[in-house]
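J.: Fold the following.
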Amino acid sequence: MSVSAVDIAHRSEDPINRRRTGAFWFGLVLTVLGTALHLPMYLMARDMGYRLVGMPMDGAMITGMILIVIGLGVTTYGLFPRRAVHDTVAGLRVRALDDAPINRVHVVLLLIMAAAITIDVMKPTTLAFVVPGVGAEYHLRTPASPHLDALPVALLPLSGLTGTVLGSFLWGWLGDRIGRKAAILLAGIFFVGTAICGAMPSFELNVAMCFIMGLSAGGMLPIAFTLLSETIPARHRGWLLVLIGGDIAGAYVITSWLSSTIGETYGWRSLWLIGLPTGLLLVLLVRWIPESPRFLMAIGRHREAEEVLRTYNAEVIAVEQPEFAAEDDLQGGFGQLLRRPFAGMTIVLALLGLGVGLVTYGFQLWLPTNLRSLGFTGVTADKILRDSALIGFPLNFLVAYCYHRSTKWTLITLSALLAVALGGFVILGDHVADNTTLLYALLVVPIWGSSSVVAVIVAYGAEVYPTRIRSRGSGVAAAMTKAGGVLVVALVVLAVATPSIAVTALISAAPIAIAAVVAVGFIVETRRKPLEQITADELGVAAA
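T.: Predicted coordinates:
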């Protein structure tokens, strides 16, 4: 396999598709060159602590921006197939993939996807580490200077998070339109282009570029989970998806390390410029990612699906009735997610995602401030949060095991547990600080549990929707986990006073508790079932 538009988007060897392959490579070169042209201005500022505020954009930077815009456009064109390629080969039984043992190809795919998810999650995670430097360089209003007559620094994370929400929808559509593999590749190239966030001289340009970065970062997680769900054998699919999702914590560790080393020496801008090498690394890794055979079969490209199945050592079985016959009457687009029989599951995932977003960007965001207001010193408050995260980390393996035993009840139980823990803060209020042991016990769940719930939400969304709309469904689930963050950071931009620990817990717990109750009636069990069987059960038809 090689990283080319032919291998990724379509394998027809006609002249039109060869031209699109050339367009892909040409666009990639332009994007890399345009990004590189931003580096001289950044390096020239080394004697000023890499501060670019107030500096005019030079000719190289302007030329670079033009090349990036053209490059991204040409690359996108190269990855879009001109026309669907259907063949007349008999239907293949993709369920043979579920019967195949875990082998080297699966292991390589899991490792690459873990790396891709880490690179992706590093983007929004970086926001928390660059905000202090951005606020200081541009003299913006920050929590440390709330009365300063200037723009709020919170506009930067608001722009980025808004981009991730919209990006989850956009890349969800792209994954179903051009393929899972091509969508991942396109996200990696956007990572390269948006690395210039670290070279923008004005705050307004930083905000604009941060939004575009969010568009690409928001789509990687659902696409990666969709591809994994369609290639991992059913008996191992659930727990491996959740375990890979737990790698979100690894992105936080790497980003914090980079901030304390490279960022400390080369300034906050270097944390964005790292997007150039990490984006290129992701593009390179895509070489070892096969396209989803289920996606290929769903759009009628059976010969390509057969080739991919052989890479997984799966037995190829011809059948008279295609396994995707149950999906024939389904309408495409996001609207199908809100129609029966998927509407109830979509509502549950949306409510749960919204609640988790409020926990991550609301309850956790204000935890250091609220703990200090309850009498803890800065060092003690940070220690409490660090210890709570360390205590909860091993529980990720327990969640993966539970998901392997029952997808439905793991989602319901984990949601209920998170709502109960948050409810403890609502009931105790400021008195939660009176008992340190109880405080630790209650904090473990929202600090550790929120990332586990995100993994479960996206994993479940990648399993429960039909192949033709799976990327869209997974994208909606991922988008809602960021939507709560957009709401919370918008309140910060509006200079709303920091709410108490009880209020932030109540706001977060409400949608999670509702989702846990509604899930009992609408969430279906997916444990060890082939994806086609899950769809057939939902539609009430016999599987092929």
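J.: Give the next helix or strand downstream of the host helix or strand of Gly22.
T.: Following DSSP states H and E, one finds Gly22 within helix 15-36. Counting by DSSP H and E, the element after helix 15-36 in chain order, helix or strand, is helix 39-44.
J.: What is the burial count for Arg470?
T.: Other residues near Arg470 come to 31 when the count uses other C-beta atoms under 10 Å. C-betas here are computed from N, CA, C, even on glycine.
J.: Look at the residue nearest to it when sequence neighbours are not counted and give its secondary structure.
T.: Counting by C-beta to C-beta, 6 or more residues apart in numbering, Arg470 lies nearest to Thr226, which is 5.2 Å off, once chain neighbours are set aside. With DSSP: H, G, I helix; E, B strand; the rest coil as the basis, Thr226 sits in helix.
J.: how about Thr226, what does it touch?
T.: 175, 180, 292, 462, 470-471, 474 (C-beta atoms under 8 Å, 6 or more residues apart in numbering).
J.: How about Val192?
T.: 31-32, 35, 275-276, 279-280, 283.
J.: between the residues you listed, which is nearest Leu494?
T.: Closest approach to Leu494 among the contacts of Val192 (C-beta to C-beta): Gly275, at 29.7 Å.
J.: Skipping its backbone neighbours, what lies nearest the closest one in space?
T.: Closest residue to Gly275 apart from its sequence neighbours, by C-beta to C-beta, 6+ apart: Ala195 at 3.3 Å.
J.: Just give me the neighbour total for that neighbour.
T.: 27.
J.: With Leu494 instead?
T.: 9.
J.: what pLDDT, on average, does the helix or strand containing Leu221 get?
T.: When elements are assigned from DSSP H and E, Leu221 belongs to helix 203-229. Mean pLDDT, helix 203-229: 86.
J.: for stretch 63-70, same thing?
T.: On average, stretch 63-70 scores 95.
J.: how many other residues sit next to Leu111?
T.: 13.
J.: going forward, begin numbering at 50 instead of 1
T.: With the count now opening at 50, the last piece we talked about shows up as Leu160.
J.: so what's Met258 up against?
T.: Counted by C-beta under 8 Å, 6+ apart, Met258 has contacts 243, 245-246, 249.
J.: show me where the chain has strands.
T.: 140-141, 367-368 (DSSP state E).
J.: Can you flag the weakest of the ones you listed by average pLDDT?
T.: Here the lowest mean pLDDT among these goes to strand 140-141, at a mean of 56.
J.: what sits up against stretch 205-215?
T.: For stretch 205-215, contacts defined as C-beta under 8 Å, 6+ apart pick out 172-173, 176-177, 179-180, 183, 252, 255-257, 259-264, 266-267, 410, 528, 531-532, 534-535, 538-539, 541-542.
J.: what pLDDT, on average, does that stretch get?
T.: So the average pLDDT for stretch 205-215 ends up being 89.
J.: what about stretch 476-492, how long is it end to end?
T.: Counting by C-alpha to C-alpha, to the nearest Å, you get 14 Å between the two ends of stretch 476-492.
J.: Ok, stretch 402-420 next?
T.: 25 Å.
J.: Quick one: distance of that stretch to the chain centre.
T.: 18 Å (C-alpha atoms, centre = their mean, to the nearest Å).
J.: Then stretch 329-341?
T.: Using C-alpha atoms, centre = their mean, the offset of stretch 329-341 from its chain centre is 17 Å.
J.: quick one: the helices in the stretch 50-199 of the chain?
T.: Ranges of helices in the stretch 50-199 of the chain, per DSSP state H, counting those that start in this stretch, are 54-58, 64-85, 88-93, 108-128, 145-148, 153-187.
J.: tell me what the second one is packed against?
T.: In this case it means helix 64-85. Using 3 or more C-beta pairs under 8 Å, 6 or more residues apart in numbering; DSSP states H and E, the elements in contact with helix 64-85 are helix 54-58, helix 108-128, helix 229-242, helix 324-334.
J.: And these: which comes nearest Ala562?
T.: Smallest distance to Ala562 across those (C-beta to C-beta): 34.0 Å, for helix 229-242.
J.: Dump the C-alpha coordinates for stretch 548-559 into PDB.
T.: Written as PDB, here are the backbone C-alpha positions of stretch 548-559 (Å, rounded to 0.1, in the frame of the first residue of the first chain):
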ATOM      1  CA  PRO A 548     -20.000  29.700  39.600                       C
ATOM      2  CA  SER A 549     -19.600  27.600  42.800                       C
ATOM      3  CA  ILE A 550     -18.600  24.000  42.800                       C
ATOM      4  CA  ALA A 551     -22.200  23.000  43.500                       C
ATOM      5  CA  VAL A 552     -23.600  25.000  40.600                       C
ATOM      6  CA  THR A 553     -21.100  23.600  38.100                       C
ATOM      7  CA  ALA A 554     -21.800  20.100  39.300                       C
ATOM      8  CA  LEU A 555     -25.600  20.600  39.000                       C
ATOM      9  CA  ILE A 556     -25.300  22.000  35.400                       C
ATOM     10  CA  SER A 557     -23.200  19.000  34.400                       C
ATOM     11  CA  ALA A 558     -25.200  16.300  36.200                       C
ATOM     12  CA  ALA A 559     -28.600  17.200  34.800                       C
END
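J.: Show me what that stretch is in contact with.
T.: With C-beta under 8 Å, 6+ apart as the criterion, stretch 548-559 contacts 404, 407-408, 411-412, 415-416, 419-420, 422-423, 467-468, 471-475, 477-479, 481, 495, 533.
J.: what sits against Arg286?
T.: Counted by C-beta under 8 Å, 6+ apart, Arg286 has contacts 277-278, 512, 577.
J.: I'd like to know which of those are buried.
T.: Among the contacts of Arg286, those scoring as buried are 277-278, 512, 577 (criterion: 16 or more other C-beta atoms under 10 Å).
J.: Taking those residues together, which two end up most distant?
T.: Leu277 and Arg577 (15.6 Å).
J.: Verify the contact between Gln245 and Leu116 for me.
T.: Small correction: residue 245 is Ile, not Gln. No. With contact defined as C-beta atoms under 8 Å, Ile245 does not count as touching Leu116 (10.8 Å).
J.: Compare these two and say which is more crowded by neighbours.
T.: Per other C-beta under 10 Å, whichever of Ile245 and Leu116 has more neighbours is Ile245, with 29 against 21.
J.: I am finished for the moment; much appreciated.
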